[in-house]
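>>> next input, structure requested:
(4 chains)
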Number of protein chains: 2
Amino acid sequence: MNKQSLLDYIAKDINLNDKEESMLFSKAKLRRYLKGQFLVQQGDTCKYISFVNSGCLKTFHVDDEGREHITRFAIENWWTADLGSFIEQIPSDCNVQCIENTEVVQFSSESLTELYLQIPKLERLFRIIFQKAFAASEKRVIRNFSLNVKENYLLFRKQYPKIEQRVPQYMIASYLGITKEFLSKIRKQLIHEQ
Amino acid sequence: MNKQSLLDYIAKDINLNDKEESMLFSKAKLRRYLKGQFLVQQGDTCKYISFVNSGCLKTFHVDDEGREHITRFAIENWWTADLGSFIEQIPSDCNVQCIENTEVVQFSSESLTELYLQIPKLERLFRIIFQKAFAASEKRVIRNFSLNVKENYLLFRKQYPKIEQRVPQYMIASYLGITKEFLSKIRKQLIHEQ
DNA sequence: CGTCTATTTGAATGTACTCAAAAGCGGTGG
DNA sequence: CCACCGCTTTTGAGTACATTCAAATAGACG
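Predicted coordinates:
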């Protein structure tokens, strides 16, 4: 199993000794998915929280009109899950699907519960992870309301240049909450502005 | 100091003994604010994370055009802060202002850092708090994209009936990301639909 | 080269916004 | 008790921004 990415990631916030590392990985599952495969499907319970070793995923919701709304992307060294479904173990209203072939390290809800007891330092790690994730999510709400579409798109490109290059434009449009046609028109405007 | 609300709140997730309780409150500040007063102002650093004993607050951002965008409300037994500013101790892009006379229990960033070391169980408490907050924030992003304005308003009324009754309509419009005039028109439609 | 998918274009439409003005609704003081 | 004030909500006309739908174009890959 490729443990190094996750270990490096963890080491930024807490120190684990060898015993703790092996306890952690004894509960972990390495899993490879092909492009197009689903980690979570709307209606199912989100069984795992997944740390991305390699690849790219999208989280999206399909609304009553059948429209797809992308809420998040995830690439190397990001976590992904439908957290609401995962923590409460209730049916998810989201899909998590691979945009590329993807390798993840997964923890089930029960595993994580046990790990928190065995390695209390993990409470700190995830406290910090969720704290940052929440702060980022709040910022996104602000941006969505206070920036116009063009500014929002430019900010996305600036903040996530890696994602922009790996993901088709229509998915970026979905993430920004606009149609693919409109994003195309905005891009045209931006070219003419320069 | 009114400690009971916070103690009850904490007891849902972790158990503190008497010594830990007194350690916790030795770092806490009780503070009363009048309607209209600010806990945080855009440009200042958010010094405290605040647990609301009583009252009602709004968090909002003022954009470049001078428009106010409310991102959150907070009432009894909620926490409020600009978390991004608080955890990094950098200038905030939000304001937190009292809509009613309000009493809060506040913790500074340094206090909380010390408390995490003195009472490691608090890592767990805040892990759970931020985990839930993040999950809720994600849900809000989904709703904003997949529901139309009318549905979003109805959901807000259903989810936060207490807030709806305590807060003027124009603030709810701001929270929903629409103008007060448009919300007024939606309400008119809703009356005629019944 | 042909097929499949992604992006662009254009016309018509709709949703939400702006601005200005009127109406409603407490509270306060004469 | 009612008149006035400040604040909130409503109304209406005109407008801007983003969408839909259909069709054309561009790119990727076998």
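>>> could you use CA atoms for every contact and neighbour count after this?
Noted.
>>> OK, contacts around A:Ser137?
By C-alpha atoms under 8 Å, 6 or more residues apart in numbering or on different chains, the contact list for A:Ser137 reads B:134, B:137-138.
>>> quick check: it is in a helix.
Yes: under DSSP: H, G, I helix; E, B strand; the rest coil, A:Ser137 falls within a helix.
>>> any idea how far B:Leu83 is from it?
Relative to B:Leu83, A:Ser137 is positioned 11 Å away (criterion: C-alpha to C-alpha, to the nearest Å).
>>> go on, A:Leu34?
Between A:Leu34 and B:Leu83 the computed distance is 37 Å (C-alpha to C-alpha).
>>> so between the two, which is more surrounded?
For A:Leu34 against B:Leu83, the residue with the higher neighbour count under other C-alpha atoms under 10 Å in any protein chain shown is B:Leu83, and the figures read 21 against 14.
>>> test my guess that the more buried one contacts A:Lys139.
No: B:Leu83 is not in contact with A:Lys139 according to C-alpha atoms under 8 Å; the separation is 9.7 Å.
>>> for DNA strand D, give me its nearest residue in chain A.
Proximity to DNA strand D, evaluated over chain A using C-alpha to the nearest atom of the strand, is greatest for A:Ile178 at 3.3 Å.
>>> how about that residue, what does it touch?
Under the criterion of C-alpha under 8 Å, 6+ apart, A:Ile178 has no contact partners.
>>> ok, and does stretch A:179-194 reach over to DNA strand C?
Yes: Stretch A:179-194 reaches DNA strand C (C-alpha under 7 Å from any atom of the strand) through A:180-185, A:187-188.
>>> out of those, grab the one that's most surrounded.
Ranked by neighbour count (other C-alpha under 10 Å), the residues of stretch A:179-194 next to DNA strand C have A:Leu183 at the top, with 21 neighbours.
>>> next, that one: phi, psi?
In this entry, A:Leu183 is assigned phi and psi values of phi -60, psi -40 (degrees, to the nearest 10).
>>> where does chain A have low pLDDT?
Across chain A, the stretches falling below the confidence threshold (pLDDT under 70) are A:1, A:194.
>>> how does it look with 80?
For chain A, the stretches with pLDDT under 80 are A:1, A:193-194.
>>> residue of it closest to chain B, please.
Distances between chain A and chain B by C-alpha to the nearest C-alpha are smallest at A:Arg127, namely 3.8 Å.
>>> residue boundaries of the helices in chain A?
Counting by DSSP state H, chain A has these helices, from start to end: A:4-11, A:18-26, A:83-88, A:109-118, A:121-146, A:149-159, A:161-166, A:169-176, A:180-193.
>>> please list the residues of chain A that sit near DNA strand D.
Where chain A comes near DNA strand D, counting by C-alpha under 7 Å from any atom of the strand, the residues are A:148-149, A:177-179, A:181-183.
>>> which one of those is nearest DNA strand C?
Taking those together and measuring to DNA strand C by C-alpha to the nearest atom of the strand, the closest member is A:Glu181, at 4.2 Å.
>>> for that closest one, what are its contacts?
With contact set as C-alpha under 8 Å, 6+ apart, A:Glu181 has no partners.
>>> could you check how far it is from A:Ile191?
Counting by C-alpha to C-alpha - A:Glu181 and A:Ile191 are separated by 16 Å.
>>> count of neighbours near the residue of chain A closest to chain B?
Using other C-alpha under 10 Å, A:Arg127 is surrounded by 22 other residues.
>>> now swap in A:Asp44 and tell me
A total of 15 residues lie near A:Asp44 under the criterion other C-alpha under 10 Å.
>>> pretty sure it contacts A:Ser92?
Yes: shown here, A:Asp44 and A:Ser92 form a contact pair, counting by C-alpha under 8 Å, at 5.7 Å.
>>> which one is A:Asn77 nearest to, not counting chain neighbours?
A:Val52 (5.4 Å; C-alpha to C-alpha, 6 or more residues apart in numbering or on different chains).
>>> chain B contacts on chain A?
Applying C-alpha under 8 Å from any C-alpha of the partner chain, we find that chain A lies next to chain B at A:61-63, A:69, A:71, A:82-84, A:123-124, A:126-128, A:130-138, A:141-142, A:145-147, A:177.
>>> can you turn the buried part of those into a PyMOL selection?
If you want just the buried ones from the residues of chain A next to chain B in PyMOL, going by 16 or more other C-alpha atoms under 10 Å in any protein chain shown, the selection is:
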select buried, chain A and resi 61+62+63+69+71+82+83+84+123+124+126+127+128+130+131+132+133+134+135+136+137+138+141+142+145+146+177
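>>> intersect the residues of chain A next to chain B with the contacts of DNA strand C.
Applying C-alpha under 7 Å from any atom of the strand, the subset of these adjacent to DNA strand C is empty.
>>> residues in contact with A:Ser5?
Contact partners of A:Ser5, counting by C-alpha under 8 Å, 6+ apart, are A:53, A:77.
>>> ugh, typo on my part, it should be A:Gln131
Neighbour list for A:Gln131: B:83, B:127, B:130-131, B:134 [criterion: C-alpha under 8 Å, 6+ apart].
>>> what does A:Ala81 give?
With the criterion set at C-alpha under 8 Å, 6+ apart, A:Ala81 makes contact with A:40, A:46, A:48-50, A:96.
>>> out of the residues you listed, which is most surrounded?
A:Cys46 (28 neighbours).
>>> re the thing from before, the residue of chain A closest to chain B is in contact with B:Lys121, isn't it?
No: counting by C-alpha under 8 Å, A:Arg127 stays clear of B:Lys121, with 11.3 Å between them.
>>> alright, that wraps it up for me.
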